[in-house]
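Colleague: build the 3D model from these lines:
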Amino acid sequence: MPGELSFFEIGTGDAERAQTFYTELFGWEFKTVEGGEGGSMIDTGGVPGGIHGGDAGASPYVFFRVDEMDSAVAEVRRLGGTAEPVGDGADANPELVERFGRFMLCTDDQGSSFGLHEPAAGR
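Modeller: This is a model prediction of the structure:
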């Protein structure tokens, strides 16, 4: 369903240390993402998540589901917001896009941050 919470990402300085912290705090389980530049998927038992290093002090990224990324981005911009690809671009790594879908980092018309996620086909 469009607009539902789809995915979250936690940026940290040291991903391994953060994994220990969140495992002990919440009991989360982590699975290394092959080809994901050191990131891991988080099994929370609910909304799926990810974690990556090299981003000390970052606020969590919250992504909302959209059915079609290009149309959603156009609407964000039409409404006065901004949208930028995650990392090197939404489609920079076709293997990861095929597995996880497309992601965009956005701001609303007042500068509040959020993300859009178009899940991979069949998910």
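Colleague: by mean pLDDT, flag the weakest helix or strand of the chain.
Modeller: Of all helical and strand segments in the chain, the minimum by mean pLDDT, DSSP states H and E falls on helix 94-100, at a mean of 80.
Colleague: where do the helices of this protein begin and end?
Modeller: According to DSSP state H, the chain carries its helices in the segments 15-26, 69-78, 94-100.
Colleague: remind me which residues of this protein are low pLDDT?
Modeller: By pLDDT under 70, the weakly predicted segments of the chain are 1, 35-38, 87-92, 123.
Colleague: if you set the cut-off to 90 instead, what comes out?
Modeller: 1-3, 32-39, 44-45, 53-59, 85-100, 110-112, 121-123 (pLDDT under 90).
Colleague: strands of that one, start to end?
Modeller: Assigned by DSSP state E, the strands in the chain fall at 5-11, 29-32, 40-43, 49-52, 61-65, 82-85, 102-107, 113-118.
Colleague: deepest of the ones you listed, which one?
Modeller: Most buried of the strands of the chain by mean neighbour count (mean count of other Cβ atoms under 10 Å) is strand 49-52; its value is a mean of 22. In short, each C-beta sits where N, CA and C put it, glycine included.
Colleague: neighbouring strands - and their directions - for that one?
Modeller: Sheet pairing here is set by DSSP bridges, and for strand 49-52 it gives strand 5-11 (parallel), strand 40-43 (antiparallel).
Colleague: among those strands, which is nearest residue 114?
Modeller: Of all the strands paired with strand 49-52, it is strand 5-11 that lies closest to residue 114, at 10.3 Å by Cβ to Cβ.
Colleague: can I get the closest one as CSV, trimmed to CA atoms?
Modeller: Below are the C-alpha coordinates for strand 5-11, written out as CSV (Å, rounded to 0.1, in the frame of the first residue of the first chain):
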residue,chain,number,x,y,z
LEU,A,5,6.4,2.5,6.4
SER,A,6,8.4,0.3,4.1
PHE,A,7,12.0,0.4,5.3
PHE,A,8,14.4,2.1,7.7
GLU,A,9,18.1,2.6,7.6
ILE,A,10,20.5,3.4,10.5
GLY,A,11,23.8,5.2,9.6
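Colleague: nearest to residue 53, out of the helices of the chain?
Modeller: Of all the helices of the chain, helix 15-26 sits nearest to residue 53, with 3.6 Å by Cβ to Cβ.
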